[in-house]
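[1] All I have is the shape, not the residue letters:
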């Protein structure tokens, strides 16, 4: 079991070594792309193999370092095949499952810091082998003295220091992002929003507040969404004790009947629309490991990342989707300018090209009836759009989109994988009736 690295130097060194190896795998491609416009199928296969090797190196480091770097990898994983080749995004999905756990010594130190007690002084039973280990903490099974089965989230020691140090190593993070997305715009304010969100996730008392607020807002509208009960006397900033709930993983839910997957898809879509337009309070960490399923039921287990949106932003966002629904290019252009996607000086051809791509991606939102997501290749569509378009130096849209788009991509991915046939337009209009 490797010692967890939290200092700025140790994390910088580990990430730096991985970047050297990954860059070495990709260096051949950079030379080739400058000297050769056309690459035959054999060369393309070799190019993909090198990119896979580079990604494996990066993913391994993310899993070991945890914190901001692992969370970044998980965010990349939910893009599925939207912005990276499917073979590459599949590697990042490994970060949704588990990562190396902390040592028993570190585990006990967290309990002593929070309660000045060992786990077995707080619980009748406590399994020191975690059932899951993620970016900020790990989960253990336990039983209370009153006999209730619970899941205990225990935060990695020094994880807050590790995250803060990751953001001090911002040049390395930018180098990592540039390897994967060489044509990215200026995302400085996105990085700051990610930092703010991750520091908040490290406060389990804040997560407890999010969970209880979510239940209060959503329970009457969506009784099909189950949220675990909290045991407040067994909670601290670093430990969160929740009701242990059972269900099927997302992978296991793929064996459900199509009717059952359609029902789950409609629940997920409706709750997403309600969260954006009515509650303006949205769960924003849609990685598959945060969900369990039963036929007709969705169990939501992690509330570290939520986002509250102001009304002005949601009105502008609705204006954007309304322009897509009604096929209005000029309204779309104005909405994109209001939200900071493009600039007044941009050519109308750029807006038109982007509009045509987005209309294909958002096609179900524009059609009456019950449909599944179209059988399209999002990666190829995005790549086609990027040809001749440079985003370098541009300012990215306002930071609200970082977590909103993460939630949107998670929804899209689940509906696509389930092949859910749902009513998109009528249900969206139900929740946007006041806009």
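    Arrived safely, thanks for sending. Note that this is a predicted model, so its numbers are computed, not measured.

[2] Go ahead and confirm residue 267 touches residue 225.
    Yes: contact status for residue 267 versus residue 225: in contact at 6.9 Å, counting by CB atoms under 8 Å. The way it works is simple: take the backbone N, C-alpha and C, and place the C-beta from them, glycine included.

[3] okay, and the common contacts of the two?
    residue 298 (CB atoms under 8 Å, 6 or more residues apart in numbering).

[4] Number of residues surrounding residue 241?
    27 (other CB atoms under 10 Å).

[5] same question, residue 252
    Residues lying near residue 252 (other CB under 10 Å) number 11.

[6] Quick one: residues contacting it.
    Residue 252 neighbours (CB under 8 Å, 6+ apart): residue 293.

[7] how does it look with 10 Å?
    292, 293 (CB atoms under 10 Å, 6 or more residues apart in numbering).

[8] Distance of it relative to residue 365?
    Residue 252 is 29 Å from residue 365, where distance means CB to CB, to the nearest Å.

[9] Double-check that residue 102 belongs to a strand.
    No: under the criterion used here (DSSP: H, G, I helix; E, B strand; the rest coil), residue 102 is coil, not part of a strand.

[10] So it versus residue 299, what's the distance?
    For residue 102 relative to residue 299 (CB to CB), the value is 25 Å.

[11] neighbour-wise, which of those two wins?
    residue 102 (23 against 17).

[12] so where do the strands sit in the chain?
    125-126, 132-133, 137-143, 149-155, 225-226, 239-243, 281-283, 291-294, 297-300, 306-308, 370-371, 422-423 (DSSP state E).

[13] which helices and strands sit right next to the last one?
    This points to strand 422-423. Helices and strands touching strand 422-423, by 3 or more CB pairs under 10 Å, 6 or more residues apart in numbering; DSSP states H and E, are helix 258-273, strand 370-371.

[14] most neighbours per residue, which of these?
    helix 258-273 (a mean of 20; mean count of other CB atoms under 10 Å).

[15] helices or strands up against it?
    strand 225-226, helix 250-253, strand 281-283, strand 291-294, strand 297-300, helix 400-418, strand 422-423, helix 425-431.

[16] For my notes, please list these in TSV and give distance to residue 372 for each entry.
    Converted to TSV, the helices and strands packed on helix 258-273 look like this (distance: least, CB to CB, whole Å):
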stretch	distance to residue 372
strand 225-226	22
helix 250-253	16
strand 281-283	23
strand 291-294	18
strand 297-300	18
helix 400-418	8
strand 422-423	8
helix 425-431	14
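
[17] can you put these in JSON lines and add distance to residue 369 and mean pLDDT?
    Output for the helices and strands packed on helix 258-273, formatted as JSON lines (distance: least, CB to CB, whole Å; pLDDT from 0 to 100):
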{"stretch": "strand 225-226", "distance to residue 369": "25", "mean pLDDT": "98"}
{"stretch": "helix 250-253", "distance to residue 369": "24", "mean pLDDT": "97"}
{"stretch": "strand 281-283", "distance to residue 369": "26", "mean pLDDT": "98"}
{"stretch": "strand 291-294", "distance to residue 369": "26", "mean pLDDT": "98"}
{"stretch": "strand 297-300", "distance to residue 369": "24", "mean pLDDT": "98"}
{"stretch": "helix 400-418", "distance to residue 369": "15", "mean pLDDT": "91"}
{"stretch": "strand 422-423", "distance to residue 369": "7", "mean pLDDT": "98"}
{"stretch": "helix 425-431", "distance to residue 369": "8", "mean pLDDT": "94"}
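
[18] So for residue 197, which of these sits nearest?
    For residue 197, the closest of these is helix 400-418, at 6.5 Å, according to CB to CB.

[19] For residue 220, which of the helices and strands packed on strand 422-423 is the nearest?
    When the helices and strands packed on strand 422-423 are compared by CB to CB, helix 258-273 sits nearest residue 220, at 12.3 Å.

[20] how far away is residue 352 from residue 382?
    From residue 352 to residue 382 the distance is 16 Å (CB to CB).

[21] Those two: which has the busier surroundings?
    residue 382 (16 against 13).

[22] was I right about the more buried one contacting residue 357?
    Yes: the criterion here is CB atoms under 10 Å, and residue 382 meets it with residue 357 at 7.3 Å.

[23] Look up how far residue 304 lies from residue 209.
    11 Å.

[24] joint contacts of these two?
    residue 203.

[25] So which of these two has more stuff around it?
    residue 304 (26 against 14).

[26] contacting residues for the more buried one?
    Contact partners of residue 304, counting by CB under 10 Å, 6+ apart, are 71, 134-137, 153, 197-198, 200-204, 206-207, 210-211, 240, 283-285, 290.

[27] Derive a PyMOL selection command for the buried subset of those.
    The following PyMOL line selects those of these that are buried, judged by 16 or more other CB atoms under 10 Å:
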select buried, resi 71+134+135+136+137+153+197+198+201+202+203+204+206+207+210+211+240+283+284+285+290
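
[28] Wait, residue 339 touches residue 316, no?
    Yes: Residue 339 sits in contact with residue 316 when judged by CB under 10 Å, with a separation of 5.5 Å.

[29] Can you check which residues contact both of those two?
    By CB under 10 Å, 6+ apart, the residues touching both residue 339 and residue 316 are 398, 400.

[30] Verify the stated contact: residue 259 with residue 295.
    Yes: taking CB under 10 Å as the definition, residue 259 is a contact partner of residue 295 at 9.1 Å.

[31] list the contacts for the nearest residue to residue 407 once chain neighbours are set aside?
    Take residue 407 and drop its neighbours on the chain: the residue closest to it by CB to CB, 6 or more residues apart in numbering is residue 284, 4.7 Å away. Neighbour list for residue 284: 197, 275, 303-307, 402-408, 410 [criterion: CB under 10 Å, 6+ apart].

[32] Out of these, which comes closest to residue 215?
    Nearest to residue 215 among the contacts of residue 284, with distances taken as CB to CB, is residue 303, at 9.5 Å.

[33] Which residues are in contact with the closest one?
    Shown in contact with residue 303 (CB under 10 Å, 6+ apart): 201, 204, 206-215, 227-228, 240, 242, 283-285, 290.

[34] With residue 155 instead?
    102, 110, 113-114, 136-138, 201-204, 236-240.

[35] do that again at 6 Å, thanks
    137, 238 (CB atoms under 6 Å, 6 or more residues apart in numbering).

[36] Check residue 229 too.
    Contact analysis of residue 229 by CB under 6 Å, 6+ apart lists residue 243.

[37] mind running it again at 7 Å?
    Listed by CB atoms under 7 Å, 6 or more residues apart in numbering, the contact partners of residue 229 are 242, 243.

[38] Next: the one 5 residues further on.
    For residue 234, the set of contacting residues under the criterion of CB under 7 Å, 6+ apart consists of 122, 241.

[39] From residue 204, how far out is it?
    11 Å.
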